[in-house]
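# structure of the sequence below:
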Amino acid sequence: MIFPSKIKEFIKDKNYSQDDVGMSNSQVLIFDDMVLKIEKRTEWKESFDFYKTQNVVNMMNWSQDSVIVPKVLCFEQSDEFDFLLMSKITGKMACDSDFLENSDLLLELLAKTLKKLWSVDVKNCPRINSLENKLALAEYFVNHNLVDVEDAEPSTFGPDGFENPKELLKWLKENQPKNFEPVLSHGDFCLPNVFFEGENLSGLIDLGDFGVADKYQDIALCYRSLKHNFDGSFGGKIYEDFNADLLFEKLGLEPDWEKIRYYTLLDELF
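Numbering: from 1, shown residues only. Have a look, this model is predicted:
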């Protein structure tokens, strides 16, 4: 890998490890106090302006005073790759055993983080991830055979679910939620992307979908992530006494199960 000159100045002679946690297709190098994300430019990212790395950078810079996200140290591009060097978020992932073994605290912290996001004034937010935008990208993925059905929930495709991604996409288009509740949304609010130190948020990572979206985009993926981190799907350990529905008690809202199902199914196409 040939690094751009400005990136080289930051990372020269520094030790690093490679991140192997999460679902990202990017190469991520972890330094003591920095993280370098190297992403190959793809046709679909060039086709959908929202997903260009430059716009992720713009969003991160815009939100610095509102929520805790990495600080952009350097952003460079080569003919094939985007290089985003960021400050390193400290603390532990929300899926760390320290939090999974103290589920009441974890739910409290997650709810507090979601409420913090929702409290941000999004009037001048530079990134709007509307449902129309997400469905257009989902259609691109379906038409270009980019949907990994093996990674989906067992019930999504097959005898008791949808026949294929094309059928799911058709259902998503025909069953769009009637109300859009715009908030500042992480976009992939899963436990490995949320970091805490003690009883405080220390930061959010993996911000490719960060922007304005419906409130239930984050609720749905947080709820699913909670269930799978506690039922042994991730990590292998089962926490039998955990009830993910308690998240809504902490959020102080009645769950909209139709929207939760909708946004969870929508995520199956990415």
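# check what pLDDT Asn25 gets.
Here, the pLDDT recorded for Asn25 equals 63.
# swap in Ala220?
Predicted confidence (pLDDT) for Ala220: 98.
# now do Lys45
pLDDT, Lys45: 88.
# do the same with Phe180
pLDDT, Phe180: 93.
# helix, strand, or coil at it?
Remark: Phe180 carries the secondary structure label coil [criterion: DSSP: H, G, I helix; E, B strand; the rest coil].
# name the helices or strands packed onto the lowest-mean-pLDDT helix or strand in the chain?
Lowest by mean pLDDT, DSSP states H and E among the helices and strands of the chain is helix 43-47, with a mean of 88. Helices and strands touching helix 43-47, by 3 or more C-beta pairs under 8 Å, 6 or more residues apart in numbering; DSSP states H and E, are helix 131-143. Heads up, the C-betas are built off the backbone N, CA and C, glycines and all.
# could you pull up the mean pLDDT of the following helix or strand past the helix it packs on?
Past helix 131-143, further along toward the C-terminus, the next helix or strand under DSSP states H and E is helix 165-174. In this model, helix 165-174 has a mean pLDDT of 98.
# which residues touch the closest residue to Cys95 other than its chain neighbours?
In this structure, Cys95 finds its nearest non-sequential neighbour in Leu191, 3.8 Å apart by C-beta to C-beta, 6 or more residues apart in numbering. With contacts defined as C-beta atoms under 8 Å, 6 or more residues apart in numbering, Leu191 is in contact with Met93, Ala94, Cys95, Cys222, Ser225, Leu226, Asn229.
# just give the number of residues close to the last one.
Burial of Asn229 is recorded as 25 neighbouring residues (other C-beta atoms under 10 Å).
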